[in-house]
Each structure stands twice: as C-alpha cells, then as structure tokens.
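**Q** Kindly generate the corresponding structure for this input.
(one chain, ligands or ions: 1)
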Amino acid sequence: MIQKNLRAIILVELLFPLALLLFGAYHGVLQVFYRAGVIQNTEFLGIGYFRGLTAHGVINAIVLTTFFAVAFGNAVISQQLDQSVSAQVARAGAALMILGTLVAAGPIFAGKADVLYTFYAPMRAHPLFYFGVVFLVVGSWVSFWAWIPGYLRWRKSHPTRKTPLGAVGMLTTFIIWQMCTLPVAYEVIVQLIPWSLGWTAGVNVVLSRLLFWFFGHPLVYFWLLPAYVMYYTIMPRLAGGKLYSDFYGRFAFMAFIVLSSPLGLHHQFTEPAISSGYKALHAALTFLVAVPSLVTAFTLAASLEHGARQNGGQGLFAWWGKLPHFDKERWLFPYLFLGLVIFILGGVTGIVNASYSMSALVHNTSWIPAHFHLTVAGPVFLAILGMSLYLSLGLLGKKCAAPRMAAAVPYLWTLGVFTFSAGLFYGGLRGVPRRTNLGMSFLDPTSNAYRPDWRAGEYVGAVGGCLMGLAVLLFVYVLVRSLAGARSVQLAESFALPESEAYHDEEVRAVRNFTPWVIAGVIAILISYVPPLVQVLSANYPLASG
Ligand code: HAS
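**A** Next up is the predicted model:
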C-alpha cells in the first residue's frame with residue numbers, strides 16, 4: 001500500500017505540473033501554426049515565438065517529467081518497500097521543486113529567458129531562471145534521498161529476497177539522474193549564474209555545451225524509465241498475464257546505469273575542439289544503449305503474448321486481438337501499449353541519429369523534433385498521462401467519470417503524434433530547420449527565402465499538432481470531471497498499484513546489487529569524457545559575452 005502520509009504530497013506532485021501542461025500544450029499547438037505559416041508574426045497574444053517555445057520545452061520536457069518521476073517513485077517505493085519513505089524529506093523535496101518551477105516561470109513568461117529547454121550558452125537568461133532550475137533539480141535529489149534509508153533498511157530486514165522490480169526501476173532512474181545532473185549543476189552554478197549576474201566577462205561556450213549534453217542524453221532515460229517500470233510491472237497484469245522474465249527487466253535497468261551517460265557527444269558531432277575518435281566512440285556506445293530497449297521490446301512482446309493467450313488468444317498473430325485495447329475497465333492499458341507502438345519508430349529514428357554520417361544529414365533539422373516527439377511525447381507522455389489519472393483518482397478514492405473517453409485519448413494522441421512526426425520527418429530530410437519561425441521566413445511567400453517545397457511537411461505537421469492538442473483537451477476534461485466526482489474513503493484506503501507476477505522468476509546474482517553497475521558506469525564515463533574534456537579545456541576559443 002502507498003503510505004498515507006505521502007498521499008497528499010504525491011497528489012500535489014501529479015496535479016501541479018498537469019495544470020502547467022495547459023500552457024505547455026497551448027504553446028505546442030502555436031508552434032505548428034507558426035511553422036506552417038498560419039501565424040505570420042514574431043508573437044501571438046503578446047507572447048513571442050521563442051518565449052512560447054521555451055515555455056513549451058521547459059514545462060513539458062523538464063517540469064512535468066521531473067515532478068512525475070518523483071511522484072511515481074514515491075508511490076512505487078513506498079508500496080513495494082514496506083512504506084519506508086521519509087515523508088518529511090519528501091515534503092521538503094516537493095516544496096523545493098515547486099519553488100524552483102515558480103522562480104523559473106517568472107523570467108520565462110517575462111521574456112527574459114528565451115533560452116529554450118536546452119539552456120546552454122551562449123544564449124543567456126535572467127539569473128532567476130537558473131536559480132529556479134537549481135531548486136527544481138535539488139528538490140528532485142532531496143526526494144530521491146528520502147527513499148535511500150528505507151531501501152537500505154528493507155535490504156537488511158529481507159536479506160534473502162530480491163528487491164521488487166518496480167523499486168529497482170525507480171532507484172535506477174534516480175541513480176542515473178543523480179549521476180547526470182552533477183555536471184549540469186556545475187555548468188549552471190559555476191558558469192551560467194555568475195555570467196548572467198554580470199560577474200564574469202564571458203563564458204566558455206564549448207565547455208557549456210559539453211556539460212549540458214553530458215546531462216542531456218541520460219536525461220532521456222530519466223524520462224523513459226518510469227514508463228519502463230509501468231511496462232514491466234503493471235502492463236503484463238493489465239494484459240491478463242505475467243511478466244515473461246524478471247531477469248531481463250532487472251538487466252535492462254542495470255544496463256542503463258552503465259550505458260546511458262557515456263555517449264552525449266552524439267549531440268555534438270559537429271562540435272569543434274573534440275576529436276573525431278571520441279565522437280566515434282560515443283556513436284558506438286549510442287548503438288549499444290539501444291540494447292536494453294531491444295531486450296525490453298522482446299520481453300514485453302512475450303509478456304503481452306502470454307496475457308493475450310490467457311484471454312483465449314490464438315495463432316501466430318491473431319492473439320493481438322485478445323489484448324484489452326478498448327476495455328473501459330482497463331483504460332490504462334492503451335496508454336502503455338500505444339506508447340510502445342510509438343516507441344518502435346522513436347527507437348529506429350534514434351538509431352539513425354546515432355550514426356556519425358546520418359546525423360550530419362538530420363542534425364538541427366525538423367527530423368530531430370520528429371524523433372523526440374516519438375519518444376518523450378510518445379511512450380513517456382502517454383505513460384505520464386495515464387498513470388497521473390490512475391494514481392490521482394486511486395489516491396482520492398474516485399472513479400474515472402468517462403472511462404471510454406479516457407481510453408480514447410491515447411488513440412487520438414497516437415494518431416496526432418504519428419501525423420505530426422511524418423510531416424516533420426519529411427521536411428527534415430529536405431533540410432527544413434528546427435526551432436525556426438518559418439512563417440516569418442521560409443514559409444512567407446513575400447520573403448526572398450520562401451521555400452514552397454517545404455510547405456507540405458509543415459501542413460501535415462500542423463494537422464498532427466492540432467490532433468495532439470485535442471487529445472490533451474479531452475484528457476483534461478476526463479481528469480477534471482473525474483476529480484469532481486464522488487469520493488469513497490473505502491476505495492482510497494484499499495488503493496494500490498497493480499503488480500505483475502513473473503512467468504520466469506530467475507535468480508541471477510549479477511543483477512541483485514547496484515554497486516558493480518554504478519562502478520562500471522563511472523569508469524565508462526571517465527574513459528569517454530575525460531579526454532574530450534581535456535581537449536575542450538585546452539582549446540583556445542574566445543569567451544562569449546552573450
Ligand atoms: Fe534520442 C536526440 C539517439 C532514445 C529524446 N533524443 C534526441 C532529442 C531528444 C531525444 C529530446 O544519436 C533532441 C535533443 C535536442 O533538443 O537537441 N535516442 C537516440 C537513441 C535512442 C534514443 C539511439 N531519445 C530517446 C528517448 C528519448 C529521446 C528514449 C526520450 C524519452 N537522440 C539520439 C541522437 C540524438 C537524439 C543521436 C541527437 C541527434 C542530433 O543530431 O541532434 C535509443 O535509446 C532508442 C532505442 C529504442 C529502441 C526501440 C525499442 C522498442 C520498444 C517498443 C516495443 C514494442 C512493443 C509493442 C513490445 C531500439 C521497447 C509491439 C506492438 C506491435 C504492434 C508490434
């Protein structure tokens with residue numbers, strides 16, 4: 001059961017970012033209108049293009065994801081490790097995260113932090129933006145620290161038992177987060193804050209980018225792994241069966257500890273100062289990080305097949321039809337299943353990006369947002385929406401007021417995100433740039449830069465963006481209507497997250513302990529990052545004043 005004294009904290013951590021999501025999603029829809037040339041202006045209703053784009057990225061990709069990981073982690077750890085989370089520390093973490101978000105929101109909405117969600121130099125924000133980021137990240141660390149003493153106590157009092165898989169997944173998520181946020185904390189505190197306060201004359205841009213991207217790729221696994229926890233520990237049960245292999249789940253999580261950090265240079269293949277040898281090493285490691293996801297794909301497909309066959313499914317492919325795709329009692333299932341379907345394309349395009357030569361074709365084109373909307377806005381976002389609704393209603397003892405509509409949301413979102421990404425992939429291969437107000441440049445018929453051949457992709461993207469916006473509105477309708485419904489104390493008291501049993505429950509010592517994996521991760525980071533760091537520090541580029 002989820003601890004009673006954590007329930008209010010979890011609810012705040014779920015509902016606060018969902019309220020902000022309305023702004024985040026609104027600015028997403030505006031993006032497609034700017035890009036398709038429907039809005040031909042530098043601003044709309046007083047909010048400029050880059051201000052809106054920054055709000056969109058920061059709210060959706062940083063704030064929503066971080067709050068959700070902490071909230072879901074609090075629920076999973078307290079349920080699976082005998083209610084061992086320190087509520088006082090968890091409360092302090094949540095308060096810091098809320099403070100950080102509000103402090104950063106001020107400069108973003110005042111137009112003094114148009115630095116996008118990848119906030120590295122030379123673009124400079126108001127110091128309060130950076131302070132807000134620091135509070136948000138430190139708040140998430142504090143929330144993680146609230147789990148550690150209870151986890152150690154649990155290990156001591158259950159020496160022969162395996163740590164439950166969901167807890168392993170959430171601890172992995174935050175071990176990765178703790179490791180990857182240290183360099184970006186250095187960047188923000190030592191480089192960016194003094195520079196934005198005017199205390200230093202300039203900033204080393206290449207170093208700033210190196211530190212940011214050290215954080216930037218493991219960040220995506222911080223987003224992804226809470227969804228993986230749901231896929232491994234909840235989805236097989238919803239499908240009516242069992243997790244095919246407990247070992248493969250543990251192996252995938254542990255492998256991410258080693259592999260998710262030492263490869264951020266794949267965002268910097270065109271970076272000066274860093275030798276091509278190290279870029280090639282990071283490219284090779286990027287191919288390797290796809291392995292735990294491929295393992296996940298096969299393990300989950302087998303788990304789904306097991307569930308479907310328990311429901312009477314037969315044949316080589318016909319069993320797919322026996323999964324609860326449209327079951328209004330199990331409306332959470334399509335949020336997880338469709339996320340996986342979307343991720344097949346998100347993963348394949350990630351592997352394209354990882355290739356040293358292909359990246360040269362797609363880097364900084366609209367191909368990149370197409371890829372990441374099939375990842376962070378695919379499995380991650382759908383899992384966040386579905387679980388936020390499920391958890392908040394469960395904790396409050398309320399029922400879903402419109403379960404059919406709740407189950408329809410992920411279908412509409414999937415249609416929207418596939419359409420959106422198809423348009424952006426098409427454009428990206430033709431060189432359409434990302435992060436550009438196309439309505440004021442390449443899609444403005446009166447401009448010398450006008451590119452009529454770039455219209456089709458952007459129009460298709462705009463249709464997809466509108467469908468995605470509609471899906472968010474439907475979701476908010478279901479959430480608000482359900483929250484306004486009657487409360488049952490009995491339902492709230494008995495609420496717990498579903499937990500799948502394992503079909504193969506293997507005993508493998510190598511995946512019982514985090515320590516060797518963390519040590520291997522640190523060694524991999526040292527090998528892959530120390531020489532590039534030395535190269536960057538010894539390069540003689542002038543500092544940027546911003
Ligand atoms: Fe990525 C850029 C490479 C995964 C997010 N990525 C980005 C950016 C974001 C992002 C936000 O190498 C842009 C950053 C910016 O603003 O500049 N990415 C990869 C690779 C993977 C990958 C190799 N990315 C993600 C995930 C993200 C994410 C996950 C968010 C959550 N990405 C790159 C590279 C760049 C990049 C370069 C830089 C490009 C550039 O030039 O700027 C891998 O982890 C992907 C492995 C995944 C798979 C898929 C497994 C499939 C599964 C589904 C199974 C389905 C089932 C259902 C069971 C191999 C698990 C079956 C159902 C049926 C109906 C059949």
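
**Q** Could you tell me which ranges of the protein sit under the pLDDT cut-off?
**A** Residue ranges of the chain with pLDDT under 70: 546.

**Q** for it, what's the longest helix?
**A** Longest helix in the chain by number of residues (criterion: DSSP state H): helix 276-310.

**Q** buried residues in it?
**A** Within helix 276-310, the residues that count as buried by 16 or more other CB atoms under 10 Å are 278-279, 281-283, 285-286, 289-290, 292-293, 295-297, 299-300, 302-308. All C-beta atoms are positioned from the backbone trio N, CA, C, and that covers glycine.

**Q** Show me what from this protein comes close to the ligand.
**A** 118, 220, 223-224, 266-267, 286, 289-290, 293-294, 296-297, 300-301, 340-341, 343-344, 347, 350-351, 353-354, 359, 363, 368, 371-372, 375-376, 380 (CB under 6 Å from any ligand atom).

**Q** hmm, back to that, now for the longest helix of the chain, which elements pack on it?
**A** Where contact means 3 or more CB pairs under 8 Å, 6 or more residues apart in numbering; DSSP states H and E, helix 276-310 is packed against helix 205-233, helix 235-238, strand 243-245, helix 246-259, helix 332-354, helix 356-362, helix 515-538.

**Q** okay, those in TSV with mean neighbour count and distance to residue 194 next?
**A** TSV is the format used below for the helices and strands packed on helix 276-310 (neighbours: other CB atoms under 10 Å; distance: least, CB to CB, whole Å):
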stretch	mean neighbour count	distance to residue 194
helix 205-233	24	12
helix 235-238	24	47
strand 243-245	24	49
helix 246-259	24	32
helix 332-354	21	34
helix 356-362	15	33
helix 515-538	16	18
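
**Q** What distance do you get for the closest residue to residue 300 other than its chain neighbours to residue 417?
**A** For residue 300, ignoring the flanking residues on the chain, the nearest one in space by CB to CB, 6 or more residues apart in numbering is residue 231 at 5.5 Å. Remark: distance between residue 231 and residue 417 (CB to CB, to the nearest Å) = 18 Å.

**Q** Tell me how far the longest helix of the chain lies from the chain's centre.
**A** The gap between where helix 276-310 is centred and where its chain is centred comes out at 17 Å by CA atoms, centre = their mean, to the nearest Å.

**Q** Ok, stretch 216-234 next?
**A** Worked out by CA atoms, centre = their mean, stretch 216-234 lies 7 Å from the chain centre.

**Q** Over to stretch 427-437?
**A** Using CA atoms, centre = their mean, the offset of stretch 427-437 from its chain centre is 23 Å.

**Q** which parts of that stretch are buried?
**A** For stretch 427-437, by 16+ other CB under 10 Å, it's 427-428, 431-437.

**Q** Which residue is it, in the chain, that comes closest to the ligand?
**A** residue 347 (2.2 Å; CB to the nearest ligand atom).

**Q** Surely that residue and residue 291 touch.
**A** No: assessed by CB atoms under 8 Å, residue 347 is found out of contact with residue 291, at 11.2 Å.

**Q** neighbours around the closest residue to residue 229 other than its chain neighbours, how many?
**A** The shortest distance from residue 229 to any non-neighbouring residue, by CB to CB, 6+ apart, is to residue 169 (3.7 Å). By the criterion of other CB atoms under 10 Å, residue 169 has 27 neighbours.

**Q** Surely residue 169 is in a helix?
**A** Yes: the assignment for residue 169 is a helix, going by DSSP: H, G, I helix; E, B strand; the rest coil.

**Q** picking that back up, make a markdown table out of the buried residues of stretch 427-437 and add secondary structure.
**A** Formatted as a markdown table, those follow (three-state DSSP):
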| residue | secondary structure |
| --- | --- |
| 427 | helix |
| 428 | helix |
| 431 | coil |
| 432 | coil |
| 433 | strand |
| 434 | coil |
| 435 | coil |
| 436 | coil |
| 437 | coil |
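
**Q** how about the most centrally placed residue in the chain, what does it touch?
**A** Nearest to the geometric centre of the chain sits residue 223, at 2.7 Å (CA atoms, centre = their mean). For residue 223, the contacting residues are 61, 65, 69, 375-376, 380, by CB atoms under 8 Å, 6 or more residues apart in numbering.

**Q** how far away is it from residue 379?
**A** 9 Å.
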